[in-house]
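Visitor: Fold the following for me, if possible:
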Amino acid sequence: MGALKLALGLLLALFGARQWRRRPKDPTQAQLPKWMAAIDHFTPLKVLGLGLVLSAANLKNAPLTIAAGASISSAGLPVPQQIGTLAIFVVIASLGVLAPLAVYLVMGERAKNLLGNWRDWAAQHNVAVMAVLFFVLGLKLLGDGISVLTAG
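Guide: Okay, the predicted model is just below:
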């Protein structure tokens, strides 16, 4: 388990450093990728399909998901509690998608301006936010891995 956490931590820290180096120097120059800008014109079914593909095929999600699974399985919890913990992880990991959906469902058409502002902010700061997130989680996993390996 320690070696897995060490490897995942290194991978995430490298992802973070790579993202940080690739960030635009001026956040106002950041642009949404063409596929992301096209989402505004997708049908709900296409958006669902795209979400499933992106969550399953995104290599950046794999280390986080594997680390969560490893932590949950090594916690010594009974299987029903592991399943519950995994369900909580999935909900928390989905908040980035669920929050805008909830705002739209509650506010309806009035949410367009607010969601547009959120999208613009995310487009401008996405690379920096992801870089810091990956780097911090990577360092945490590196520390956990070192701790497990030196304790054993």
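Visitor: Now do the helices in this protein.
Guide: Taking DSSP state H as the test, the helices found in the chain are 2-22, 34-37, 44-57, 61-73, 79-93, 95-107, 111-151.
Visitor: Out of the ones you listed, which is closest to Thr28?
Guide: Taking CB to CB, helix 111-151 is the member of the helices of the chain nearest to Thr28, at 6.4 Å. Glycine gets a C-beta too; all of them are placed from N, C-alpha and C.
Visitor: which helices and strands sit right next to that closest one?
Guide: Applying 3 or more CB pairs under 8 Å, 6 or more residues apart in numbering; DSSP states H and E, one finds that helix 111-151 contacts helix 2-22, helix 61-73, helix 95-107.
Visitor: tell me the mean pLDDT for stretch 87-97?
Guide: Regarding stretch 87-97, the rounded mean pLDDT is 85.
Visitor: What is the burial count for the nearest residue to Leu115 once chain neighbours are set aside?
Guide: Leaving aside its sequence neighbours, Leu115 sits nearest to Pro100 (CB to CB, 6 or more residues apart in numbering; 5.6 Å). Other residues near Pro100 come to 16 when the count uses other CB atoms under 10 Å.
Visitor: now the helices of the chain in CSV, with distance to Thr28?
Guide: Output for the helices of the chain, formatted as CSV (distance: least, CB to CB, whole Å):
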stretch, distance to Thr28
helix 2-22, 17
helix 34-37, 16
helix 44-57, 26
helix 61-73, 28
helix 79-93, 29
helix 95-107, 22
helix 111-151, 6
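Visitor: mean pLDDT for those: which is lowest?
Guide: Among these, helix 34-37 scores lowest, at a mean of 71.
Visitor: neighbouring contacts of it?
Guide: Contact with helix 34-37 is made by Ala123, as judged by CB atoms under 8 Å, 6 or more residues apart in numbering.
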